[in-house]
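Enquirer: one predicted model, sequence on top.
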Amino acid sequence: MLNDEKNIDNQEDTSKDVSENLDTSANEEKVIGFDDELTEEVISFDDSPATPVVETTETVTVETTVTEPVAVEATETIHEEESTTKTLETLIEDQSAILQTPHDDFDWEGTDDDQTDYSPEEYKTLATEYADNLTALAESQIVEGSVREINGRDVIIDFNYKADGILSVSEFRDQPDLAPGDSVFVYVESLEDKRGQLSLSRRKAKILRAWESLVESHNEGTIVKGTVVSKTKGGLIVDCGGLETFLPGSQIDIRPIIDYDAYVGKTMEFKVVKINEAIKNAVVSHKALIESDLAEQRDKIVATLERGQVLEGVVKNITDFGAFMDLGGVDGLLYITDISWGRIKHPSEVLELNQKLNVVVLDFNEDKKRISLSLKQLLPHPWEVLDEKITEGSVVKGKVVNIEDYGAFLEVIPGVEGLVHVSEVTWSNQPVNAKEYFTLGESYDAKVVTIDREEKKMSLSIKQLSDDPWNVIEEKFAEGTKHVGLVKNLTPYGVFVELDEGIGGMIHISDLSWLKRYSHPSEFTKVGQNIDVQVLEIDKENRKLSLGHKQLEENPWDTFENVFPVGSFHEGTLVRRDEKGAIVQLPYGLEAFAPLKHVKKENGAMAEVNDVLTFKVLEFNRDDKRILVSHTRYLDAIKREAGEIVEETKRKEKKVTRKFVEKQNSKTEITTLGEIEGFGDLKKQLEGQAAKAKLEAEEKKSEEE
């Protein structure tokens, strides 16, 4: 069949050449008048079945060249008008002689279309066999064919169909070694296009086959191969059999990947983890394959694990709490406390990323696939190699590696630590704040108090490096002696004073001043200041000193008892007032207390801070050093005294009046108006005397105060 098509094509090419030659001759010499009409006439001059095939004369007007003698002969025939010797049939015969094809030897007139060498049954059988041998093609399907021929631009593919397929060579750019006989898959877009040929696409076939392969791989969990073609946001683009898929950055490897460009161009194996049928999109993962392999390796390793087993691993990751080790497919945790016998702040002080180490398996959980590792277990315990010379009473030097509220731990050698309790820091009975006294990283000398090698415990003491000063306390700080101390601490109830190294005492808040009452010692002194003290009492057994500050001066309360007797009046200033009463500052810096109801003014208003008023002493307690005063009692006293003066004046007035009446009654003379007026003057005189007496009483009282 293909040979027949080639013969037809050759015949068409020959016809084209003749037609082009005729056209060329007509243009040059203008002698042959072939036109479309003549051509049609020549092609259809005989309607009988024996006439030549129509297709061979379709392209008579196409411009090609023919041999020059033919053109000249035709030209001469026309110019000489030898129509009798050269008829139209002769011209066609000449043309047919030029267009030599295999069909020209066939006896067309002797052929009967109704005659056949086969019987109807044989013809039907042969037709059926012919149809069965042909491949059945359908549109929108993928078929397999064989490369029959490759020419300059096309690839001819044989499908065992009644017509071959033609594809452009550009569709096989990914197969530079394509050769005849190779098998290829193509997609049938149409059984017949506008040119009557098969319409095929290898690209669509590749995409559809690739998608089917991805779906199958996803459903069955098989592995696919692909090539990373480019980098995109969040990952890579992978070509899997002609179909682009997405590889997220988190699915490239089990370790975080920073440089995506390093993977572009690489061919790798992947697992299809997600597909989207609607948009024909797929997500692949290389990490899933690695994890799958690691899972198998992990199961094998865990199955052979034993406690105490030594394995080689690589530091995979370092965190604050330890390091993760890759043991060849399975991860193990090397906790920070298992890295070194000594204390370390961070694993990076000892370990580095990708460092190879031998580690010991401490424990493992087969269900959770967790493995606990240790590095220090490969070394002997420091307590086992501790110098035998270190015994109780020995002096050692250690670095502070940990500080707690109850003391500090000194590292004598890496892995061997001793505790310095807060009570062993100083001979003073004053509490010590370990976090303020010690500093991490600093070294201290200490004396070994106890040591237990089996329990791996050691207690140390700093204060025992010096003699106990309390052994000679009576000699250096006898009772009644005066000293200057340093304020070390303040509490609501007193002041802690250090007199010497390891010697200190407390001043009670009531022993700070004879006169003033403090609500807190911070009102009197500050930490770090020097203060004069007197030793009041020594408690050697409990290591306590009782100190005083006010005892440095004489007790003024012996004198104040005569200055502020009960019932006396004194001017004072309100310095503080609360819901219970007010504190009044009296002369000589003495403070007194006035209940709230005793600080009301004459107008009934409550006295305010900084008001200066006169108070009456209601109580004076020398032992408790307490004075109780009242302003209202003073007002009452003033009123009472003023009333007594008025009464005295009235008594005197009555007495004078009575004498005057008696004198007048002794007279027999009738009282005149002038005498009555004289009596009125006498009354005014008596009232003036009473007012004068009242004023003198107030002045006298003020002088007494």
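Expert: Alright, I've got the coordinates. Residues are numbered from 1 along each chain as shown.
Enquirer: mind jotting down where the strands sit in the stretch 501-650 of the chain?
Expert: Remark: strands assigned in the stretch 501-650 of the chain by DSSP state E, counting those that start in this stretch are 503-508, 530-539, 544-548, 569-577, 581-585, 591-595, 612-621, 626-630.
Enquirer: among those strands, which comes closest to Gly152?
Expert: With CB to CB, the closest approach to Gly152 among the strands of the stretch 501-650 of the chain belongs to strand 503-508: 110.2 Å. Yep, even glycine has a C-beta here, placed from its N, CA and C like the rest.
Enquirer: hmm, back to that, nearest to Glu648, of the strands of the stretch 501-650 of the chain?
Expert: strand 569-577 (21.0 Å).
Enquirer: now the angle between strand 581-585 and that closest one, please.
Expert: On the basis of axes from the mean of the first three to the mean of the last three CA atoms, to 10 degrees, strand 569-577 is oriented at 120 degrees to strand 581-585.
Enquirer: from the contact counts, what lies against strand 569-577?
Expert: Under the contact definition 3 or more CB pairs under 8 Å, 6 or more residues apart in numbering; DSSP states H and E, strand 569-577 sits against strand 581-585, strand 612-621.
Enquirer: which stretch among these is buried most, on average?
Expert: strand 581-585 (a mean of 21; mean count of other CB atoms under 10 Å).
Enquirer: neighbouring strands - and their directions - for that strand?
Expert: Strand 581-585 has the following strand partners under DSSP bridges: strand 569-577 (antiparallel), strand 591-595 (antiparallel).
Enquirer: counting contacts, what elements does the longest helix seen in the chain pack onto?
Expert: Assignment by DSSP state H gives helix 632-665 as the longest helix of the chain. Identification of packing neighbours for helix 632-665 by 3+ CB pairs under 8 Å, 6+ apart yields strand 612-621, helix 673-704.
Enquirer: lowest average confidence across these, which one?
Expert: The minimum mean pLDDT among the helices and strands packed on helix 632-665 belongs to helix 673-704 (a mean of 60).
Enquirer: my guess is Lys567 meets Phe620, correct?
Expert: Quick fix: residue 567 reads Gly, not Lys. No: using CB atoms under 8 Å, Gly567 is not in contact with Phe620; the gap is 9.9 Å.
Enquirer: which residues does Leu618 contact?
Expert: Contact partners of Leu618, counting by CB atoms under 8 Å, 6 or more residues apart in numbering, are Val566, His598, Leu628, Val629, Ser630, Arg633.
Enquirer: turn those into CSV, including neighbour count and pLDDT.
Expert: As requested, the contacts of Leu618 are exported to CSV (neighbours: other CB atoms under 10 Å; pLDDT from 0 to 100):
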residue, neighbour count, pLDDT
Val566, 12, 85
His598, 21, 87
Leu628, 19, 89
Val629, 29, 90
Ser630, 22, 91
Arg633, 17, 87
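Enquirer: need the max-distance pair from the residues you listed.
Expert: Top of the distance list for the contacts of Leu618 (CB to CB): Val566 and His598, 14.5 Å.
Enquirer: out of the strands paired with strand 581-585, which gets nearest to Ser513?
Expert: Taking these one by one with CB to CB, strand 591-595 is closest: 9.7 Å.
Enquirer: only the buried residues of stretch 498-516, if you could.
Expert: For stretch 498-516, the neighbour count (16 or more other CB atoms under 10 Å) marks 498-499, 502-507, 509, 511-515 as buried.
Enquirer: now swap in stretch 323-336 and tell me
Expert: Applying a neighbour-count criterion of 16+ other CB under 10 Å, one finds Ala323, Phe324, Met325, Asp326, Leu327, Gly329, Val330, Asp331, Gly332, Leu333, Leu334, Ile336 buried in stretch 323-336.
Enquirer: give the helix, strand or coil label for the second one.
Expert: Three-state assignment for Phe324 (DSSP: H, G, I helix; E, B strand; the rest coil): strand.
Enquirer: how far away is it from Gln309?
Expert: 18 Å (CB to CB, to the nearest Å).
Enquirer: what does the fifth one give?
Expert: From Leu327 across to Gln309, the span is 10 Å (CB to CB).
Enquirer: neighbours around the closest residue to Asp174 other than its chain neighbours, how many?
Expert: Nearest non-adjacent residue to Asp174, counting by CB to CB, 6 or more residues apart in numbering: Gly242, 8.0 Å away. Look at Gly242: counted by other CB atoms under 10 Å, it has 17 neighbours.
Enquirer: just the helices in this structure please.
Expert: Counting by DSSP H, the helices of the chain are 2-29, 36-43, 68-79, 88-98, 120-133, 202-220, 287-303, 434-437, 473-476, 557-563, 632-665, 673-704.
Enquirer: surely the residue nearest to Asp174 touches Lys204?
Expert: No: using CB under 8 Å, Gly242 is not in contact with Lys204, being 9.7 Å away.
Enquirer: bridged to Asp500, which residues?
Expert: Counting by DSSP bridges, Asp500 forms beta bridges with Ile503.
Enquirer: need the contact list for it.
Expert: By CB under 8 Å, 6+ apart, the contact set of Asp500 is Pro469, Lys476, Phe477.
Enquirer: so what's the residue count around the first one?
Expert: Neighbour count for Pro469, taken as other CB under 10 Å: 18.
Enquirer: which parts of stretch 391-407 are buried?
Expert: Under 16+ other CB under 10 Å, the buried positions of stretch 391-407 are Val396, Gly398, Lys399, Val400, Val401, Ile403, Gly407.
Enquirer: so what's the residue nearest to the last one when sequence neighbours are not counted up against?
Expert: Right, Gly407. Take Gly407 and drop its neighbours on the chain: the residue closest to it by CB to CB, 6+ apart is His421, 4.3 Å away. Going by CB under 8 Å, 6+ apart, His421 touches Tyr406, Gly407, Ser459.
Enquirer: domains of this structure?
Expert: 2-105, 131-205, 221-290, 305-378, 382-465, 469-552, 558-630, 638-704 (automatic domain parsing).
Enquirer: just how off-centre is the third one within its chain?
Expert: Shown here is domain 221-290, whose average C-alpha point lies 28 Å from the average C-alpha point of the whole chain (CA atoms, centre = their mean, to the nearest Å).
Enquirer: out of the strands of the stretch 501-650 of the chain, which is closest to Thr439?
Expert: Minimum separation from Thr439 across the strands of the stretch 501-650 of the chain (CB to CB) falls at strand 503-508, 22.3 Å.
Enquirer: which residues are in contact with that closest one?
Expert: Here strand 503-508 has contacts from 427-430, 469-470, 473, 476-477, 485, 488, 493-499, 521, 531, 533, 535, 544-549, using CB under 8 Å, 6+ apart.
Enquirer: quick one: buried ones out of those residues?
Expert: Neighbour-count burial (16+ other CB under 10 Å) applied to the contacts of strand 503-508 gives 427-430, 469-470, 473, 477, 485, 488, 494-499, 521, 531, 533, 535, 545-549.
Enquirer: sorry, back to before: right, and the strands of the stretch 501-650 of the chain - which one's nearest Lys356?
Expert: Nearest of the strands of the stretch 501-650 of the chain (CB to CB): strand 503-508, 57.6 Å.
Enquirer: and that closest one with strand 544-548, angle?
Expert: Using the same axes, to 10 degrees: strand 503-508 against strand 544-548 is 50 degrees.
Enquirer: what's the offset of strand 503-508 from the middle of its chain?
Expert: That offset, for strand 503-508, works out to 52 Å (CA atoms, centre = their mean).
Enquirer: swap in stretch 514-529?
Expert: On CA atoms, centre = their mean, the centre of stretch 514-529 falls 50 Å from that of its chain.
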